[in-house]
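Student: Below is the sequence, then the predicted model.
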Amino acid sequence: MLCKFAGDPKIGDLLSYLTCLIVKSFIPIIFAIAIVAFVWGVLQFFIFGAGEEAKREKGKQFIVWGLVALAVMLSVLGLVRILGNTFGILPRGSPTSPGGGDDFLDSPLDIPCPPGAICEKDPVNV
């Protein structure tokens with residue numbers, strides 16, 4: 001999950017590296033912060049603020065804004081995927097690419113074809 005910088009850097013390599021850093025580092029951190037805010041709001045609303053209306057209201061605000069942040073980020077990732085698929089510009093290994101964000105998905109998976117089935121990449125049945 002590391003971003004690699006080419007040995008002989010060009011401006012395109014620099015932009016690709018910066019994009020990789022943003023996609024693989026910054027975006028997951030922002031998602032984590034939004035999830036923590038939501039969970040903190042739930043804890044404040046139901047557990048810590050059970051008897052105090054002010055704490056319950058504060059917890060409700062954390063819940064609402066945590067959900068709003070998650071919805072906005074998921075919508076933006078969806079739009080990025082739609083545009084990337086439309087124009088064919090998604091980098092392999094990005095969370096919005098068809099292969100996902102895991103490095104092990106950057107290479108083809110060795111999933112055996114079930115007996116009797118016709119698989120696309122099965123050299124016997126092609």
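Tutor: The structure has been received and is ready for your questions. Residues are numbered from 1 along each chain as shown.
Student: From here on, just use CA atoms for contacts and neighbour counts.
Tutor: Noted.
Student: mind checking which helix or strand Gly51 is in?
Tutor: Using DSSP states H and E, Gly51 sits within no helix or strand.
Student: Equivalent analysis for the one 5 residues further on, please.
Tutor: Arg56 is located in helix 53-87, with elements delineated by DSSP H and E.
Student: how near is Leu83 to Val64?
Tutor: To Val64, Leu83 is 28 Å away according to CA to CA, to the nearest Å.
Student: again, but for Lys55
Tutor: Relative to Val64, and taking CA to CA, Lys55 is found at 14 Å.
Student: Same question for Trp40.
Tutor: 11 Å.
Student: More neighbours: those two, which one.
Tutor: Neighbours were counted for Trp40 and for Val64 using other CA atoms under 10 Å; Trp40 has more, 17 against 14.
Student: The more buried one and Gln61 touch, don't they?
Tutor: No. Judged on CA atoms under 8 Å, Trp40 makes no contact with Gln61 at a distance of 10.4 Å.
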